[in-house]
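> sequence and predicted model, in that order:
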Amino acid sequence: MAKKIKFQHPTGMHDILPHEQRHFRRIYQLVEDVADFYSFGRIDTPILENAELFNKGTGTQTDIVQKEMYLLKSKGGDVLALRPEGTPPVARAYIEHGMSSRPQPVKLYYYGPFFRHEKPQAGRYRQFWQFGFEVLGEENPVIDAQIIQISYNLLSEIGVKNISVEINSIGDKECRPLYRKALVKHLRSNSSCLCNNCKRRMKDNPLRVLDCKEEKCQEVKQEAPQMVDFLCSGCKTHFKKVLEYLDEIELPYTLEPHLVRGLDYYTKTVFEFFSNKDEESSLALGGGGRYDYLINQLGGKETPAVGTAFGVERLAQAIRKDNLPSTKKKRTKIFLAQLGESARKKSLRMTESLRKAKVSIEESLGKDSLKAQLARASRIGARYTIIIGQKEALEETAIIKDMESGKQETVKMDKVIDRVKKLLKE
């Protein structure tokens with residue numbers, strides 16, 4: 001008599017049972033609402049991609065490529081990988097479908113399953129769900145700040161408590177080699193204190209040593225030189241502006257001088273989000289950063305980009321309450337235009353205030369030309385445009401322009417939402 005086999009889910013995989021679905025549904029609905037408000041278009045890339053995409057994009061010396069990818073060989077001889085992360089596939093799709101010819105930036109989001117063969121632990125699985133937001137084709141640091149703002153507010157609305165944000169700049173190809181040289185010198189003088197993995201990383205990819213969680217490597221990291229001391233003038237200015245924008249919207253963050261993230265394509269701004277950072281129940285929720293060289297590395301033209309990603313299982317673990325009701329917002333054509341640095345800072349705050357008031361808008365925060373912004377407002381059929389210039393920023397006012405009649409009025413900043421709502425009712 002044949003022995004009965006008791007089938008169970010593979011190691012590191014998991015079932016999402018009906019009573020758990022409310023958490024996942026809640027997260028998905030809020031991600032969709034935020035993406036809709038900020039005009040991110042959804043993209044679904046194949047679960048299987050050419051393995052070389054991740055070798056070239058993620059980095060041959062990363063743990064993902066060296067140890068964690070699920071590989072298979074097709075009947076035609078192609079080496080394919082179950083996608084371990086979302087950014088390289090999005091970059092590949094951007095190139096393949098000629099998105100560089102579209103109005104920039106291109107704003108995309110994804111939500112789906114990913115795969116990594118790593119040690120299973122609380123909230124971390126070998127098949128896991130992840131969502132991400134990507135902005136491609138914009139180098140202005142205000143977009144870095146906006147991505148962090150979107151992420152922070154989304155986590156808050158999902159129900160995550162005690163959120164902390166760590167941020168750093170890891171420079172670019174101009175200034176990073178000098179830092180790498182200084183870091184290698186420090187690591188070599190402390191090589192006897194490093195774990196075996198980090199002794200190897202010290203030769204191949206020394207920045208990855210800063211991402212090691214081994215206690216003895218952590219001690220070496222604390223004494224390591226800091227990237228911010230090696231930034232070139234361009235990277236320093238970029239990072240300074242990102243922090244100024246975050247200060248303007250009063251978003252709490254901590255400067256973490258040794259934060260590097262675990263993927264090779266990152267440049268300039270990097271950040272991570274945690275829940276209960278200083279407690280035993282601490283959870284790393286996700287993060288992201290700028291990746292200005294990735295699209296060029298994959299065969300496209302040089303394209304600045306920034307993105308963020310979060311593990312859904314980690315977020316579901318971080319929340320333990322009933323699902324929020326799902327609501328569908330009625331789209332209203334309001335455009336927010338700005339002119340100048342001071343106005344851009346005020347616009348970040350105004351954007352979030354409008355979203356909380358459920359007034360749907362579109363904006364081009366990274367653009368400097370008012371003419372171009374008004375042209376876009378006309379193109380999308382905006383009924384009204386809110387305009388904040390340098391003068392308005394100083395006087396705490398905004399101009400509301402009727403795009404049909406051309407009439408405009410100046411309104412105090414704290415009265416804009418009420419006035420816009422009244423105009424929309426009329």
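Yes, it's here.

> rest of the way, CA atoms for contacts and neighbours
Noted.

> for E409, give me its contacts.
For E409, the contacting residues are 399-401, by Cα atoms under 8 Å, 6 or more residues apart in numbering.

> and the contacts of stretch 248-255?
Residues contacting stretch 248-255 (Cα under 8 Å, 6+ apart): 149, 164-168, 246, 345-346, 348-349.

> just the ones in strands from the residues you listed, please.
Those of the contacts of stretch 248-255 mapping onto strands are 164-168, per DSSP state E.

> buried ones from those, can you make that a ChimeraX selection?
ChimeraX command restricting these to the buried ones, with burial defined by 16 or more other Cα atoms under 10 Å:
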select :164,165,166,167,168
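
> I'd like the ones in strands among the contacts of stretch 248-255 laid out as a markdown table, including distance to I417.
Formatted as a markdown table, the ones in strands among the contacts of stretch 248-255 follow (distance: Cα to Cα, whole Å):
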| residue | distance to I417 |
| --- | --- |
| S164 | 29 |
| V165 | 29 |
| E166 | 32 |
| I167 | 32 |
| N168 | 34 |
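
> just the ones in strands among the contacts of stretch 248-255 now: which is nearest I319?
S164 (15.5 Å; Cα to Cα).

> give the contact list for that closest one.
So S164 contacts 252-254, 273-277 (Cα under 8 Å, 6+ apart).

> what about 6 Å?
273-274 (Cα atoms under 6 Å, 6 or more residues apart in numbering).

> the one 4 residues further on too?
Going by Cα under 6 Å, 6+ apart, N168 touches 256-257, 259, 269-270.

> as a check, name the ranges of all strands in the stretch 101-250 of the chain.
Counting by DSSP state E, counting those that start in this stretch, the stretch 101-250 of the chain has strands at residues 106-115, 127-136, 163-169.

> quick one on the thing from earlier: output the contacts of E409 in TSV; the columns should cover pLDDT.
Shown next, in TSV, are the contacts of E409 (pLDDT from 0 to 100):
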residue	pLDDT
I399	96
I400	96
K401	96
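
> using CSV, lay out these together with secondary structure and distance to V34.
CSV is the format used below for these (DSSP: H, G, I helix; E, B strand; the rest coil; distance: Cα to Cα, whole Å):
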residue, secondary structure, distance to V34
I399, strand, 26
I400, strand, 24
K401, strand, 26
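
> going through those residues, which ones are buried?
Buried among the contacts of E409 (16+ other Cα under 10 Å): 399-401.

> in what helix or strand does L285 lie?
Per DSSP states H and E, L285 falls inside strand 283-290.

> residue nearest the middle of this structure, spatially speaking?
By Cα atoms, centre = their mean, the chain has its centre lying nearest to T308, at 1.5 Å.

> show me the contacts for the closest residue to that one other than its chain neighbours.
The shortest distance from T308 to any residue other than its chain neighbours is 4.1 Å, reached at G288 (Cα to Cα, 6 or more residues apart in numbering). By Cα under 6 Å, 6+ apart, G288 lies in contact with 270-271, 307-308.

> in the sheet, who's paired with G288?
F271, T308 (DSSP bridges).

> also Q338?
I388.

> do you know how far S151 is from K425?
Using Cα to Cα, to the nearest Å, S151 is found at 31 Å from K425.

> with T385 instead?
16 Å.

> what about these two, which has more around it?
Set T385 next to K425 and count neighbours by other Cα atoms under 10 Å: T385 wins out with 25 against 6.

> give me the nearest residue to the more buried one, chain neighbours excluded.
F335 (4.6 Å).

> name the helices or strands packed onto the host helix or strand of that neighbour?
Element membership for F335 (DSSP H and E) is strand 334-338. Secondary-structure packing of strand 334-338 (3 or more Cα pairs under 6 Å, 6 or more residues apart in numbering; DSSP states H and E): strand 361-363, strand 384-388.

> any idea which of those strands is most buried?
The highest mean neighbour count among the helices and strands packed on strand 334-338, using mean count of other Cα atoms under 10 Å, belongs to strand 384-388: a mean of 25.

> contacts for it next, please.
334-338, 343, 398-403.

> with distance to H19 added, can I get those in TSV?
Converted to TSV, those look like this (distance: Cα to Cα, whole Å):
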residue	distance to H19
I334	39
F335	41
L336	41
A337	44
Q338	46
A343	47
A398	48
I399	49
I400	47
K401	49
D402	49
M403	49
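
> which residues are in contact with Q104?
Q104 sits next to G137 when contact means Cα under 6 Å, 6+ apart.

> what about it, distance to S364?
The value you get for Q104 to S364, if Cα to Cα is used, is 10 Å.

> again with A81
36 Å.

> now swap in P88 and tell me
P88 is 25 Å from S364, by Cα to Cα.

> could you pull out the helices in the stretch 301-426 of the chain for me?
In the stretch 301-426 of the chain, helices defined by DSSP state H, counting those that start in this stretch lie at 312-318, 341-356, 370-379, 390-395, 416-425, listed in chain order.

> deepest of the ones you listed, which one?
Comparing these by mean neighbour count (mean count of other Cα under 10 Å), helix 312-318 ranks first with a mean of 21.

> pLDDT of that helix, averaged?
Helix 312-318 comes out with an average pLDDT of 90.

> same deal with stretch 250-263?
92.

> then stretch 170-188?
Stretch 170-188 comes out at a mean pLDDT of 93.

> before we move on, what about stretch 211-221?
Rounded mean pLDDT across stretch 211-221 is 85.

> cool, stretch 274-288 as well?
82.

> end to end, how far does it reach?
In stretch 274-288, first residue to last residue: 13 Å (Cα to Cα).

> with stretch 211-231 instead?
19 Å.
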